[in-house]
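Peer 1: Sequence and predicted structure below; questions after.
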Amino acid sequence: MRRASAAARSRIGEQLAAAARADGPITKTFMNWALGQVLPQDASVVSEYWARPELPGCDGPLSFFGTPPAGGLGWGLPAAMGLKLARPERAVIAAVGDGAYMFANPVLSGERCTRSRPSTGRPS
């Protein structure tokens, strides 16, 4: 099983490297390659869209969360926010599309982000 997994990772790694050299539009494969280039070792990726579990560094505990088998459009952003609250020391990357963002009730997401910023001294 480990050999098959290693072979699959190697194949995907080759695809990602090829995407980095390709000219033309930005593809999902290229986005995975680019994310893999900057992803910290202790990061968690919550993917509701294009990020793949074969990304370099996404093989440990809490490193990758993909779409649940039952589906659930809009779960990614709240899941990423909950993960960051639970593990504030980890870098958390949410890979979501615009539809998933809208299904996630972005008003609450914006409220949480607003409240986490340092105070400006102005009343809310």
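Peer 2: Noted; the coordinates are in hand.

Peer 1: Below-threshold pLDDT in the chain: ranges please.
Peer 2: Where the chain drops to pLDDT under 70, the residues are 1-5, 9, 16, 19-20, 22, 56, 101, 104-124.

Peer 1: can you give me the strands for it?
Peer 2: With strands called from DSSP state E, the chain shows them at 44-47, 64-65, 92-95.

Peer 1: ok, and which of the ones you listed has the densest surroundings?
Peer 2: strand 44-47 (a mean of 24; mean count of other Cβ atoms under 10 Å). Placement of C-beta: from N, CA and C, glycine included.

Peer 1: Which strands or helices does that strand pack on?
Peer 2: Identification of packing neighbours for strand 44-47 by 3 or more Cβ pairs under 8 Å, 6 or more residues apart in numbering; DSSP states H and E yields strand 64-65, helix 76-86, strand 92-95.

Peer 1: can you put those in TSV and add distance to G13?
Peer 2: Output for those, formatted as TSV (distance: least, Cβ to Cβ, whole Å):
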stretch	distance to G13
strand 64-65	16
helix 76-86	25
strand 92-95	19
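
Peer 1: Would you tell me which of these gets closest to W33?
Peer 2: Comparison of those against W33 by Cβ to Cβ identifies strand 92-95 as nearest, at 13.5 Å.

Peer 1: which strands and helices sit next to that closest one?
Peer 2: strand 44-47, helix 76-86.

Peer 1: Parallel or antiparallel, which strands does it pair with?
Peer 2: Partners of strand 92-95 in the sheet, by DSSP bridges, are strand 44-47 (parallel).
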